[in-house]
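Asker: need a 3D model of the following:
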Amino acid sequence: MSKIGKKPVIVPSGVKVDIKDGQISITGPKGNLSRLTHEDMTVALEGETIVVTRPSDNKKHRSLHGLTRSLIQNMVTGVNVGFTITLEINGIGYRAEMKGSLLELHLGFSHPIMFRAAEGVTLDVVPKVNKIIVTGINKELVGSAAAEIRSLRPPEPYKGKGIKYDYETIRRKAGKAAVGSGV
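Answerer: Residues are numbered from 1 along each chain as shown. Down below sits the predicted model:
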């Protein structure tokens, strides 16, 4: 059995699960999510837990088993608690601000960059500490939006300027070393 796939997904109180024809719908206090599961995987609601089973032990089914269980767990966590990713902006003159639903980024280019998040993703800016907070109930969309924002100006290794995840550490490189008199 898959170590991840064999664990049941515990459904917290306040979260409603509906499984029909390979479609799983989960509704909670933060919203609702639905997803089609792979036709080979069997998803069943047993009391207050969701159990995923696989038909055989071949490699494809083993990998789908853990994946399906993880996707369902992320859906349950998303509608109950939600997901948050924090980005930090480092660099002189680098800043972010909200203009309505658009995120305006000043990242050292000759023009500001306007970023619109996908439906279901909320952006917030803490201007004093130059942080961008990306929140939502769908883990895939939140991670994708954060990665897109980071890709606009990834951190560079010499001065550490750019946009980085708050938990990320940038390995710094030494600059040019001073050489002797050179004659």
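Asker: mind listing the strands for this structure?
Answerer: 9-10, 16-20, 23-27, 32-36, 42-46, 49-53, 83-90, 95-99, 102-106, 113-116, 121-126, 131-136, 162-165 (DSSP state E).
Asker: same for the fifth one, what does it pack against?
Answerer: When contacts are defined as 3 or more Cβ pairs under 8 Å, 6 or more residues apart in numbering; DSSP states H and E, strand 42-46 sits against strand 16-20, strand 49-53. Using the backbone N, CA and C atoms, a C-beta is placed for each residue, glycine as well.
Asker: looking at these, which is closest to Y158?
Answerer: strand 49-53 (46.9 Å; Cβ to Cβ).
Asker: just for this structure, where's the confidence low?
Answerer: 1-2, 178-183 (pLDDT under 70).
Asker: domain assignment for it?
Answerer: 9-80, 83-165 (automatic domain parsing).
Asker: nearest to K176, of those?
Answerer: Closest among these, using Cβ to Cβ: domain 83-165, at 9.8 Å.
Asker: now do the same end-to-end measure for the closest one.
Answerer: In domain 83-165, first residue to last residue: 14 Å (Cα to Cα, to the nearest Å).
Asker: about what we covered before: could you dump the domains of the chain into a markdown table with distance to R172 and mean neighbour count added?
Answerer: Formatted as a markdown table, those follow (distance: least, Cβ to Cβ, whole Å; neighbours: other Cβ atoms under 10 Å):
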| stretch | distance to R172 | mean neighbour count |
| --- | --- | --- |
| domain 9-80 | 34 | 16 |
| domain 83-165 | 6 | 16 |
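Asker: tabulate those (TSV), appending distance to A177.
Answerer: What follows is the domains of the chain, written out as TSV (distance: least, Cβ to Cβ, whole Å):
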stretch	distance to A177
domain 9-80	47
domain 83-165	13
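Asker: how about the contacts made by the residue nearest to the spatial centre of the chain?
Answerer: For the chain, the residue nearest the mean C-alpha position is G143 (2.3 Å; Cα atoms, centre = their mean). With contacts defined as Cβ atoms under 8 Å, 6 or more residues apart in numbering, G143 is in contact with 83, 85.
Asker: ok, and what's touching stretch 18-27?
Answerer: Residues contacting stretch 18-27 (Cβ under 8 Å, 6+ apart): 15-17, 32-39, 43-45, 50, 72, 75-76, 79.
Asker: please export the C-alpha coordinates of that stretch as CSV.
Answerer: Extracted in CSV, the C-alpha atoms of stretch 18-27 (Å, rounded to 0.1, in the frame of the first residue of the first chain):
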residue,chain,number,x,y,z
ASP,A,18,-20.6,14.6,-1.8
ILE,A,19,-19.3,11.8,-4.1
LYS,A,20,-21.1,11.0,-7.4
ASP,A,21,-19.8,9.3,-10.5
GLY,A,22,-16.1,10.0,-9.9
GLN,A,23,-16.9,13.7,-9.0
ILE,A,24,-16.1,14.7,-5.5
SER,A,25,-17.5,18.0,-4.1
ILE,A,26,-16.5,19.4,-0.8
THR,A,27,-18.2,22.4,0.8
